[in-house]
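[1] Here is my input; please provide its structure:
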Amino acid sequence: MAKKVQVKFFMKGSKPKNLEKAIYVYKTATIREALEIACKEFAKEEDVVLPSMENVRLRGYNDYNCLLSDTYDDKEDMTLSSLGIYAGQQMFLEVKSDNEEWEDHDPTKLQLFVRRFVDPESDNAGSAPSGVFMARCVQVDEDANVGSLCALITKKFSIPVGQKVRLIKKSATTYSITAAKILNANEDDRTLNLRLKMDLHLMNGTELYFEETADLTLPSPAEAFFEREANMITVNFKYLTGPAEPIRIDRRETIRTLKERISAKICLPSNKFKILRGINSAGVEIKAIDSTLSKLSIGSNHTVFALEGTPLNTGEYNFRLMFYNPMSAGSPSLVVGDNNNQDLPSMTSADGANSRDLFDIDEVLVATGKDDSLLTFVSQIVISEEMMVEDIRKRVWDALVEKNLVEADNGGLTPSYIRLRDLRQSTMTSVLVDGQKLVEASKLAVYEGRSIVAELLPEPETSEVNHRIVEFAYVNRATWRFVKNMRREVVISTSEEEKHPTTYLADAASAALSIPAERLAFARIPYHRDSIDILEVVSYEFEPPATFANKEAEYQELFLVIDTNVQMTYMGNHERQLIQNFLTKKSEEKTRALRAKYSSTSSSSNNYQYHKPKEAALVIRTRSRTSEKEHKGGSVGSSNGKNSNGVSIRTPTRRAGKAAARHHASSDTDDEDDTDYITEKSGVEMDLFGDPA
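    The predicted structure is shown next:
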């Protein structure tokens with residue numbers, strides 16, 4: 001290798017990017033021999049078509065600024081060492097046509113690389129000469145303009161008479177506003193007099209394309225081709241469990257075009273599958289099939305998933321339809337307390353089947369949400385945010401009839417008996433009224449998998465567009481209990497409130513609870529609260545309905561209602577404590593149930609369970625000088641450590657007493673707190689100083 005030198009050879013093939021090869025050449029090799037070696041190496045490239053050796057020469061080159069230098073004319077037979085060519089020297093292979101003459105190097109001129117553009121997608125691309133794509137070096141004066149450059153290209157490339165030259169500069173970066181720029185879009189004198197360096201900012205090594213055209217005002221195939229190439233991306237798609245397959249597509253194309261390309265590959269009609277973002281079926285469906293890939297931020301190497309099913313249109317979503325059936329949980333019974341035994345807690349059952357529960361949870365706690373057992377999942381229905389509520393009601397009715405949840409032919413039931421409600425975290429909110437679109441009637445955002453509730457009414461829905469939802473919960477102050485079957489929800493129209501601002505509340509509660517309006521008093525509870533327990537209600541102040549006439553009202557409210565004729569009793573401290581303990585226990589049970597519910601899925605997929613290692617107490621006792629004299633035969637260890645001259649390793653036992661209890665209080669291991677584990681351990685004695693027996 002000491003006799004060779006590594007030379008870097010560069011060449012411009014049919015692609016804009018430089019081709020580079022590092023070749024070891026003998027120092028004694030001539031320029032002609034080095035040229036032959038480089039031509040043989042570059043001939044192996046697909047995008048390089050070399051002319052005859054007479055039309056190729058070596059030149060000095062600087063890859064940093066793309067500048068050509070020495071031509072080595074009349075030096076072809078000189079060796080590399082005599083020319084001072086060192087390791088890492090850069091050289092360029094320049095080509096020309098048969099009817100061209102080599103140009104001498106002029107460092108004062110502007111060097112440009114010019115290539116003829118032939119559209120590879122056109123019919124004439126196959127008949128074009130193989131060497132037309134090769135770039136040629138052109139030298140022009142620094143003050144040359146567009147007109148002089150076009151004349152030079154016409155002569156150098158032998159452009160036929162009557163054809164004009166259109167110059168195109170391709171953008172060197174992918175983030176440019178335009179992929180190509182036409183330097184002479186017309187034949188105006190102002191355009192032809194544009195200076196290449198000062199006006200168009202062309203530098204040494206700039207690569208230009210030219211195309212022949214009869215009229216410069218016609219659309220440019222080169223510009224369209226470069227724009228298309230700059231926007232070409234590769235989108236991967238997955239179907240079922242197969243590997244991802246690439247599709248090369250223009251990002252200005254629509255999702256519909258992409259679906260057609262995918263449809264041809266998976267042999268499935270476009271209306272039989274969806275396009276989801278991501279690599280699996282958990283992705284979000286792309287519904288705007290007439291939007292472009294760039295508008296939807298789908299770039300190169302992005303992956304989409306093809307999922308069989310009926311695709312949704314823009315604005316359509318899959319809703320979870322829930323059926324509200326309050327009678328499925330059974331009818332609650334009214335428990336009337338005895339005034340003589342008002343301090344004693346009421347029992348939920350007399351047979352002892354639920355003896356551990358001293359109270360009925362519905363009598364001491366009012367929750368704003370609905371019990372999950374009262375909501376039955378029906379199916380998924382497709383609803384558009386622009387769909388009218390009456391159309392949604394009809395679609396919901398068809399789904400309920402299909403699942404046999406309602407009987408269309410029994411009792412004259414019609415879709416008007418169905419009330420549609422929004423559902424948010426098990427709480428039914430807005431009532432959807434006819435005459436409005438879903439996006440207008442609902443206060444919740446529309447998204448995939450949202451829930452909607454269908455409630456069967458005893459009479460047709462008559463709610464007005466402008467209304468409020470008020471829920472009444474009756475409190476029996478004689479026993480300080482909520483009455484389960486005296487909780488009612490009513491829809492009050494805005495017009496009714498405006499007509500009777502001071503009495504509408506009492507009238508609605510009186511009609512719902514069958515108590516005279518003049519005997520009612522109210523306490524308003526914010527509906528965003530999850531629950532209210534009876535211990536809070538004891539300290540509430542109940543006010544007449546006229547008090548709420550001038551207060552700002554919310555769309556959905558909860559009112560606690562009392563009958564002023566019912567004598568209020570005192571709740572003893574003992575009963576308060578029992579209720580508090582009961583509520584605490586129920587809260588803990590609910591927490592454990594939720595924890596078990598959400599952890600069951602993860603635990604079922606992984607059966608491994610970490611077990612903490614067993615721990616032992618290490619006790620080290622050193623022998624004194626006296627004991628060494630008295631016990632030369634070693635020590636006799638015992639588990640209680642009375643006569644241990646060596647090291648006693650033992651585990652904690654029940655006899656550890658208070659010390660072990662203190663240790664357990666600060667321990668974070670499971671086994672240390674296990675009394676069965678503690679009692680089954682036995683002491684292990686080790687004598688490190690005694691002589692062998």
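[2] hang on, F542 packs against D563?
    No - the pair F542 / D563 is not scored as a contact, 10.1 Å apart, by C-beta atoms under 8 Å. To be clear about C-beta, it is placed using only N, CA and C from the backbone, and glycine gets the same treatment.
[3] Show the low-confidence segments of this protein, by residue range.
    Within the chain, the ranges that satisfy pLDDT under 70 run 1, 14-17, 122-133, 174-176, 326-356, 410-411, 600-693.
[4] List the strands paired with the longest strand along it, with their directions.
    Identified as the longest strand of the chain according to DSSP state E is strand 481-493. Strand 481-493 sits in its sheet next to strand 467-476 (antiparallel), going by DSSP bridges.
[5] Buried residues, the partner strand. List them.
    For strand 467-476, burial by neighbour count (16 or more other C-beta atoms under 10 Å) applies to 467-476.
[6] For the stretch 451-600 of the chain, which segments count as helices?
    With DSSP state H, counting those that start in this stretch as the criterion, the stretch 451-600 of the chain has helices at 494-499, 504-513, 534-537, 573-605.
[7] Give me the domain ranges for this protein.
    For the chain, the structural domains run 4-95, 110-229, 231-314, 320-332+355-454, 466-596, 617-686, going by automatic domain parsing.
[8] Now distance to P460 too, for these, in a markdown table please.
    Output for the domains of the chain, formatted as a markdown table (distance: least, C-beta to C-beta, whole Å):
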| stretch | distance to P460 |
| --- | --- |
| domain 4-95 | 73 |
| domain 110-229 | 60 |
| domain 231-314 | 31 |
| domain 320-332+355-454 | 4 |
| domain 466-596 | 13 |
| domain 617-686 | 61 |
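[9] Of the helices of the stretch 451-600 of the chain, which is nearest K295?
    K295 lies closest to helix 573-605 among these, at 37.3 Å (C-beta to C-beta).
[10] G369: helix or strand, and which one exactly?
    Here G369 is covered by no helix or strand, with elements defined by DSSP states H and E.
[11] and it, how far is that from N313?
    G369 sits 33 Å away from N313, taking C-beta to C-beta, to the nearest Å as the criterion.
[12] most neighbours per residue, which of the helices of the stretch 451-600 of the chain?
    For the helices of the stretch 451-600 of the chain, the largest average neighbour count (mean count of other C-beta atoms under 10 Å) is found in helix 504-513, namely a mean of 20.
[13] Just the CA trace of it, in CSV.
    C-alpha atoms of helix 504-513 as CSV (Å, rounded to 0.1, in the frame of the first residue of the first chain):
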residue,chain,number,x,y,z
TYR,A,504,-92.6,26.9,40.0
LEU,A,505,-90.2,25.0,42.3
ALA,A,506,-92.8,24.2,44.9
ASP,A,507,-95.4,23.3,42.3
ALA,A,508,-93.0,20.9,40.6
ALA,A,509,-91.9,19.2,43.9
SER,A,510,-95.5,19.0,45.1
ALA,A,511,-96.6,17.3,41.9
ALA,A,512,-93.7,14.9,42.1
LEU,A,513,-93.8,14.0,45.8
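[14] what's the spacing between that helix and its chain's center?
    48 Å (C-alpha atoms, centre = their mean, to the nearest Å).
[15] Give me the angle between it and strand 467-476.
    60 degrees (axes from the mean of the first three to the mean of the last three C-alpha atoms, to 10 degrees).
[16] what's helix 504-513 in contact with?
    Residues outside helix 504-513 that contact it (C-beta atoms under 8 Å, 6 or more residues apart in numbering): 470, 472, 474, 486, 488, 490, 492, 496-497, 500, 515-518, 520, 522, 544-545, 548, 559, 561.
[17] ok, the buried residues of strand 467-476 vs I247, which is closest?
    Using C-beta to C-beta, I469 comes nearest to I247 of the buried residues of strand 467-476, at 51.4 Å.
[18] and N271, that one's in a helix?
    Yes - under DSSP: H, G, I helix; E, B strand; the rest coil, N271 sits within a helix.
[19] Now do S451 against E260, distance only.
    According to C-beta to C-beta, S451 stands 35 Å off from E260.
[20] of those two, who's got more company?
    S451 (18 against 13; other C-beta atoms under 10 Å).
[21] Tell me how far stretch 375-394 lies from the chain's centre.
    Stretch 375-394 has its C-alpha centroid displaced from the chain centroid by 26 Å (C-alpha atoms, centre = their mean).
[22] And it, what's buried?
    Result for stretch 375-394 [16+ other C-beta under 10 Å]: buried residues 375, 378, 381, 383-385, 387-390, 392-393.
[23] Farthest-apart pair in these, please.
    With C-beta to C-beta as the measure, no two of the buried residues of stretch 375-394 lie farther apart than L375 and M388, at 24.8 Å.
[24] helix, strand or coil for L405?
    Assigned with three-state DSSP, L405 falls in the coil class.
[25] Who is the closest residue to it other than its chain neighbours paired with across the strands?
    Leaving aside its sequence neighbours, L405 sits nearest to F323 (C-beta to C-beta, 6 or more residues apart in numbering; 5.4 Å). F323 has the following beta-bridge partners by DSSP bridges: T376, A454.
[26] For F323, give its distance to D434.
    In terms of C-beta to C-beta, F323 sits 20 Å off from D434.
[27] How about V114?
    With C-beta to C-beta as the criterion, V114 and D434 are 72 Å apart.
[28] which one of those two has more residues nearby?
    Neighbours were counted for V114 and for D434 using other C-beta under 10 Å; V114 has more, 20 against 17.
[29] Am I right that the more buried one sits in a strand?
    Yes - assignment of V114 by three-state DSSP places it within a strand.
[30] quick one: which helix or strand includes R395?
    Using DSSP H and E, R395 sits in helix 389-402.
[31] List of residues touching the helix or strand just after that helix?
    Using DSSP H and E, the helix or strand that follows helix 389-402 in sequence is strand 418-424. The contact list for strand 418-424, computed with C-beta under 8 Å, 6+ apart, reads 322, 324, 375, 389, 392-393, 396-397, 400, 406, 428-432, 442-444, 451-457, 461, 463.
[32] let's see it at 6 Å
    393, 397, 428-432, 442, 444, 451, 453-455, 457, 461 (C-beta atoms under 6 Å, 6 or more residues apart in numbering).
[33] which one of those residues sits closest to A214?
    Closest to A214, out of all of the contacts of strand 418-424 and judged by C-beta to C-beta, is S442, at 62.3 Å.
[34] Can you tell me how far the closest one is from Y540?
    For S442, the distance to Y540 - C-beta to C-beta - is 33 Å.
[35] Neighbour count: the two, which is higher?
    Using other C-beta under 10 Å as the criterion, S442 and Y540 rank with S442 on top: 21 against 15.
[36] Please report phi then psi for the more buried one.
    In terms of degrees, to the nearest 10, the main-chain angles of S442 are phi -100, psi 140.
[37] who touches it in this structure?
    422, 430.
[38] and the gap between A172 and G205?
    11 Å.
[39] T414 now?
    Distance of T414 to G205, given as C-beta to C-beta: 80 Å.
[40] So these two - more neighbours on which side?
    Per other C-beta under 10 Å, whichever of T414 and G205 has more neighbours is G205, with 19 against 13.
[41] Quick one: residues contacting that one.
    Residues near G205 by C-beta under 6 Å, 6+ apart: C66.
[42] Can you give me the buried ones in the helix or strand harbouring K40?
    Secondary structure from DSSP H and E places K40 in helix 31-42. Using 16+ other C-beta under 10 Å as the test for burial, helix 31-42 gives 31-35, 37-39, 42.
[43] Same list, these, but as a markdown table with distance to V48 please.
    Formatted as a markdown table, the buried residues of helix 31-42 follow (distance: C-beta to C-beta, whole Å):
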| residue | distance to V48 |
| --- | --- |
| I31 | 20 |
| R32 | 20 |
| E33 | 20 |
| A34 | 17 |
| L35 | 14 |
| I37 | 15 |
| A38 | 11 |
| C39 | 9 |
| F42 | 5 |
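[44] Hmm, A288 and T314 touching each other?
    Yes - with contact defined as C-beta atoms under 6 Å, T314 reaches A288; the gap is 4.9 Å.
[45] Understood, closing this out.
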